[in-house]
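**Student:** have a look at this prediction, sequence included:
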Amino acid sequence: MTPLLTIAADQKSAEVTDWAARVGWVVGLALFIALVYWLMREGWKWRGTLQGDLPELPSAPDDPGPARLSMSGRYHGSTTAGQWLDRIVAHGLGTRSRVELTLTDAGLDVVRPGATDFFVPAERLREARLDKGIAGKVLTEGGLLVVTWAHGERLIDSGFRSDHAAEHNEWVDVINSMIDNSMIDTNSTEGAER
């Protein structure tokens with residue numbers, strides 16, 4: 001064989017792309033992603049159905065009084081108290097959003113643009129603490145303000161993060177002070193009635 005024929009015999013043509021197989025894989029992957037998204041959405045709706053016993057959220061009174069504290073930040077969601085992964089989605093409590101918090105003697109006003117606003121009356125506040133996580137959001141230790149409150153038959157933890165995290169300590173102190181003072185007032189009133 002001559003060298004030219006040997007070179008020509010050794011050359012192979014480039015493999016042809018199998019477009020049908022590629023399109024099939026892309027379509028299959030897109031359908032799989034759509035199925036996963038649909039299942040997640042149905043799970044979210046099912047969780048809301050299971051939490052249907054939760055009463056409607058209270059709204060702020062017409063005159064809640066002067067603000068003791070106010071803060072801008074993010075609302076990260078609500079969970080069953082003490083169970084930081086048990087997200088509550090009923091009545092929009094599972095929707096993350098921006099938030100404007102205002103604490104007055106009447107309670108905690110939670111204003112959320114694009115989501116349902118709600119109000120926690122002062123007598124329903126149970127505790128405020130710093131924590132590092134709530135369902136779907138984990139921060140550094142003490143990076144989250146968690147307010148525990150009673151709603152219907154449940155205790156709920158709601159997680160907030162201020163635009164200025166240094167404000168969290170003051171919120172914890174003031175809310176817990178309000179709760180302690182209301183318990184003292186309640187106990188002294190009950191003692192006077194006896």
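**Tutor:** Sure, I can see it. Numbering: from 1, shown residues only.
**Student:** bridged to the residue nearest in space to the middle of the chain, which residues?
**Tutor:** The centroid of the chain falls nearest to Gly77 when counting by C-alpha atoms, centre = their mean (2.0 Å). Beta-bridge partners of Gly77, counted by DSSP bridges, are Gly159.
**Student:** where do the helices of the protein begin and end?
**Tutor:** Along the chain, counting by DSSP state H, helices occupy 3-10, 19-50, 168-193.
**Student:** so, low pLDDT: which residues of this protein?
**Tutor:** 1-14, 48, 182-194 (pLDDT under 70).
**Student:** let's see 80
**Tutor:** Per-residue confidence for the chain (pLDDT under 80) gives these ranges: 1-17, 44-53, 135-140, 142, 181-194.
**Student:** tell me the domain boundaries of it?
**Tutor:** 19-50, 67-193 (automatic domain parsing).
**Student:** just list the residues touching the residue nearest to Phe119 when sequence neighbours are not counted, thanks.
**Tutor:** Spatial nearest neighbour of Phe119, excluding adjacent residues (C-beta to C-beta, 6 or more residues apart in numbering): Ala60 at 4.2 Å. C-betas here are computed from N, CA, C, even on glycine. Taking C-beta atoms under 8 Å, 6 or more residues apart in numbering, we find Ala60 in contact with 106, 109, 117, 119.
**Student:** follow-up on the earlier one: most tightly packed of the domains of the chain?
**Tutor:** domain 67-193 (a mean of 17; mean count of other C-beta atoms under 10 Å).
**Student:** and the residue lying closest to Met178 once chain neighbours are set aside, how far is that from Ala34?
**Tutor:** Leaving aside its sequence neighbours, Met178 sits nearest to Ala122 (C-beta to C-beta, 6+ apart; 6.1 Å). Ala122 sits 46 Å away from Ala34, going by C-beta to C-beta, to the nearest Å.
**Student:** only alpha carbons, please: show stretch 127-138 as PDB.
**Tutor:** Presented in PDB, the C-alpha positions along stretch 127-138 are these (Å, rounded to 0.1, in the frame of the first residue of the first chain):
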ATOM      1  CA  GLU A 127     -41.500  34.400  74.500                       C
ATOM      2  CA  ALA A 128     -38.900  36.100  72.300                       C
ATOM      3  CA  ARG A 129     -35.400  34.600  71.800                       C
ATOM      4  CA  LEU A 130     -32.500  34.600  69.400                       C
ATOM      5  CA  ASP A 131     -32.000  31.500  67.400                       C
ATOM      6  CA  LYS A 132     -30.100  30.300  64.400                       C
ATOM      7  CA  GLY A 133     -32.800  28.600  62.300                       C
ATOM      8  CA  ILE A 134     -36.400  28.100  61.300                       C
ATOM      9  CA  ALA A 135     -37.800  25.900  58.500                       C
ATOM     10  CA  GLY A 136     -35.900  26.600  55.400                       C
ATOM     11  CA  LYS A 137     -33.500  29.200  56.800                       C
ATOM     12  CA  VAL A 138     -30.400  28.700  58.900                       C
END
